[in-house]
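Trainee: Just to be clear, the model below is a prediction. Sequence and coordinates:
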Amino acid sequence: MNGGTAISWHSQKQTLVATSSNHVEVTALNEASIECTWLRSMTQLVLTSCGLEKDICPTLIYKDNSACVTEMKEGYIKSDMTKHIPPKFFEYTQELIKNHQVEIKYVQSISNVVGLFTKSLPTAIVRKHVHGIGMQHVHRI
């Protein structure tokens, strides 16, 4: 999101065969980090070309899996939970965290607006998330 409006999103079945739900979460976070880097570079280019200051704050990525957030913040540690996940899925995101380009924050599933795209939710939650990503109802004249 940028300026309170969703500017990029992606939902698809993963092409990688994951061996655990943790593997899926780490892979998704790696993909989000790659997209974040591209969007961040485009935003910085626009700001610079308009004569504005670059945004030096890290980009926030919200994740609703606390184990995945902890693994990313603490670094790749080979354990029973991660031994089947190639280290390459950890390295890129951790490099972005180390360079203060990205910050990973935990958010409860019910409060995670991307659940709108990935989960079957009650109507009240859908309306809340639709508003949360900046969508508005257009009235035709």
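Mentor: Alright, I've got the coordinates.
Trainee: and the residue positioned nearest the centre of the chain, what pLDDT?
Mentor: For the chain, the residue nearest the mean C-alpha position is I61 (4.1 Å; CA atoms, centre = their mean). With respect to pLDDT, I61 has a value of 89.
Trainee: Am I right that it is in contact with S33?
Mentor: Yes: using CB atoms under 8 Å, I61 is in contact with S33, at 7.0 Å. Every C-beta, even on glycine, is put in place using the N, C-alpha and C of the backbone.
Trainee: what's across from the residue nearest to the centre of the chain in the sheet?
Mentor: Counting by DSSP bridges, I61 forms beta bridges with I104.
Trainee: what helices or strands is the helix or strand of the chain at the bottom of the mean pLDDT ranking leaning on?
Mentor: Ranked by mean pLDDT, DSSP states H and E, the weakest helix or strand in the chain is helix 115-118, scoring a mean of 74. Judged by 3 or more CB pairs under 8 Å, 6 or more residues apart in numbering; DSSP states H and E, the packing partners of helix 115-118 are helix 123-132.
Trainee: got the contact list for the helix it packs on?
Mentor: Applying CB atoms under 8 Å, 6 or more residues apart in numbering, the contact partners of helix 123-132 are I110, V113, G115, L116, L121.
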